[in-house]
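[1] no sequence on this one, just coordinates:
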Ligand SMILES: Nc1nc2c(ncn2[C@@H]2O[C@H](COP(=O)(O)OP(=O)(O)O)[C@@H](O)[C@H]2O)c(=O)[nH]1
Ligand SMILES: [Ca+2]
């Protein structure tokens, strides 16, 4: 049932002679058009000797908000934000390498949720920006990425950066990505039982470094943190009437405000008269996740790398250090959710959604994926100064497909 992806089997070919031994530095530019922002990752690789694999030397990273989907009705303005970021690459990459440096943009859940027509209009404008640049523009350089690739590529990034994809004794780690509009879970199943119990479209095989990995991966569209806010408020996938009010027990009682997401304006507020706090809030977010996600038994006992909004909310509430990250148990999110939700007035200066976000993360981990209270999560933003993002895995794929990895 599983589809076979063999992107990586030729990456870093062991015995190849470089065409030009002096030209040992090369670059790859990958844009992440996420639902909440657009980011550029400029990777530098160095081929130190012909018999060794190219090494990832560094990354230049910059981001802008909002994401492309906020420009659904002004595609040219959206492409303008991409152009600004691309100007950074002009400065970062030496001119004589511009023509050899590929540039690619992959959009994720924000564009998946737009109409085909609006998404294509945005991508077309971006393509024009690329074509006017001095960089190498491959075919399919601009598009919407498949959700399963998003998970696999992030898994590759994390396991590559932690050294699990080379050498003996590979002990790969599973990955959890929580975006604005979608969320991904990816791991390498260790038990035959897991493969049997898993729906076929949750399994993908691919080969890399002479190994075949059969991964469990799934992207849940509409289960990102910001989409979950709308779902909790009852506003997701609704024709929102202008000025319509959505209320929740996860918000401060007196709150009334407006929020723009995906080009739509929402009004939201607290339960003025009714209940507030962790208990009623948890029941609300539970409705969003309960019974909607596949729960692989195997993950209950294993630890995972978690990033993006898992990281951000843990850092916002001092569960981890903002720079260093850290290791948490699932129940730490629950403890913090209770603390914030039952004392919302004390957290007034933070985001009014802090209680809802923490309650949702708790519900997603426990009732969605089925993790245990004491499941360990390694919260990571960077490994060896490289961002933990699917973009590095995507860049490997890109360089491989272009045969640029001599
Ligand atoms: N560690 C890390 N996190 C990122 C990076 N880019 C975006 N994020 C996080 O991703 C989250 C936003 O998700 P986004 O990509 O906009 O939404 P998606 O389209 O649903 O995946 C936020 O928590 C960001 O901090 C990155 O390069 N590195
Ligand atoms: Ca993302």
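    Looks like it came in fine. Small disclaimer: the values here were computed from a predicted structure and weren't measured. Ligands and ions are numbered 1, 2, ... in the order given.

[2] the lengthiest helix in the chain and ligand 1, any residue contact?
    Secondary structure assigned by DSSP state H gives helix 75-92 as the longest helix of the chain. No: with Cβ under 6 Å from any ligand atom as the measure, helix 75-92 is seen stopping short of ligand 1, the closest distance being 12.5 Å. For every residue, glycine as well, the C-beta is placed using N, CA and C.

[3] show me which positions of that helix end up buried.
    Neighbour counts using 16 or more other Cβ atoms under 10 Å place 75, 78-79, 81-82, 85-86, 89 of helix 75-92 among the buried residues.

[4] can you count the residues close to whichever residue of the stretch 1-150 of the chain sits closest to ligand 2?
    Scanning the stretch 1-150 of the chain for the residue nearest ligand 2 gives residue 34, at 4.2 Å (criterion: Cβ to the ion). In terms of burial, residue 34 registers 27 neighbours under the definition other Cβ atoms under 10 Å.

[5] how about the residues of the stretch 101-250 of the chain near ligand 1?
    108-110, 179-182, 224.

[6] change it to 5 Å
    108-109, 179-182, 224 (Cβ under 5 Å from any ligand atom).

[7] what about residue 49, how many residues close to it?
    Look at residue 49: counted by other Cβ under 10 Å, it has 9 neighbours.

[8] domain map for this structure?
    3-146+389-402, 225-292+326-379 (automatic domain parsing).

[9] how about the helices in the stretch 201-350 of the chain?
    In the stretch 201-350 of the chain, helices defined by DSSP state H, counting those that start in this stretch lie at 225-233, 278-289, 309-316, 330-341, listed in chain order.

[10] returning to that earlier point: pipe the residues of the stretch 101-250 of the chain next to ligand 1 into JSON lines and attach secondary structure, pLDDT and distance to ligand 2 per row.
    As requested, those are arranged in JSON lines below (DSSP: H, G, I helix; E, B strand; the rest coil; pLDDT from 0 to 100; distance: Cβ to the ion, whole Å):
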{"residue": "108", "secondary structure": "coil", "pLDDT": "97", "distance to ligand 2": "5"}
{"residue": "109", "secondary structure": "helix", "pLDDT": "95", "distance to ligand 2": "7"}
{"residue": "179", "secondary structure": "coil", "pLDDT": "98", "distance to ligand 2": "4"}
{"residue": "180", "secondary structure": "coil", "pLDDT": "97", "distance to ligand 2": "7"}
{"residue": "181", "secondary structure": "coil", "pLDDT": "95", "distance to ligand 2": "8"}
{"residue": "182", "secondary structure": "strand", "pLDDT": "97", "distance to ligand 2": "8"}
{"residue": "224", "secondary structure": "coil", "pLDDT": "98", "distance to ligand 2": "8"}
